[in-house]
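Visitor: The following block contains a protein sequence and its predicted model.
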Amino acid sequence: MKTELLEGKSASEVSDIWMTYHEGKDRTHGLIMSGKESADVLERAKESPFFVQPIFRDEGYFMLVSQFQEPSHFLMAYLEDYKMDPARAQPLLTFSVFDDLAKKLDLGLVRCDIVNKGIEDDEGRRVVNSMLEAYKTDDEYFKVKAFNQTPDSFDVDDYISCQNQRWKQDNGKDLHQSST
């Protein structure tokens, strides 16, 4: 990220620039979070780089697996493709968390790119919002940590059930500001 272009700007101005930049982009979204949240997400992703996220459709769902790659990138692919061959699993969506302005402006910027047309725009935003919540919220992060560090204690059925309830409740609401 070219932070030199943002010198002298306030957090509000940078947020406006970020959101305006992403507004007209097809299948690309900008999100805003606090600087502390962005730093927490990245720190936690380093220690727990994998997680899963269901996408619900009609009466069913399919699972995405997320893999964090330093310094700030999350790649999400079909879980079944990843299980067959991790090296060949193609990302369906990616998102990057930028904490360059975390200390100076208490601002974290997120860019989401929906790479595969098999993922709807709204689904992609919801998945990214859910992933960010999973890494930044203590109550949710324990699931991510369990998935990575004590997989036998991770109850996938309970997790899917909880995510399904959230999916229905959220009904497309973003947890963070985003462009359309």
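Guide: Yep, it's here. Numbering: from 1, shown residues only.
Visitor: if I look at the closest residue to residue 98 other than its chain neighbours, how far off is residue 78?
Guide: Take residue 98 and drop its neighbours on the chain: the residue closest to it by Cβ to Cβ, 6 or more residues apart in numbering is residue 109, 4.5 Å away. C-beta coordinates here come from the backbone N, C-alpha and C atoms, glycine included. Separation of residue 109 from residue 78 (Cβ to Cβ, to the nearest Å): 27 Å.
Visitor: Of those two, give the one with the bigger neighbour count.
Guide: Neighbours were counted for residue 109 and for residue 78 using other Cβ atoms under 10 Å; residue 109 has more, 27 against 20.
Visitor: Confirm that that one sits in a strand.
Guide: Yes. Assessed with DSSP: H, G, I helix; E, B strand; the rest coil, residue 109 lies in a strand.
Visitor: does it really touch residue 101, like I thought?
Guide: Yes. Using Cβ atoms under 8 Å, residue 109 is in contact with residue 101, at 7.1 Å.
Visitor: show me the contacts for residue 134.
Guide: Residue 134 makes contact with 51, 53, 140, 141, 143, 144, according to Cβ atoms under 8 Å, 6 or more residues apart in numbering.
Visitor: Nice, that's everything, thank you.
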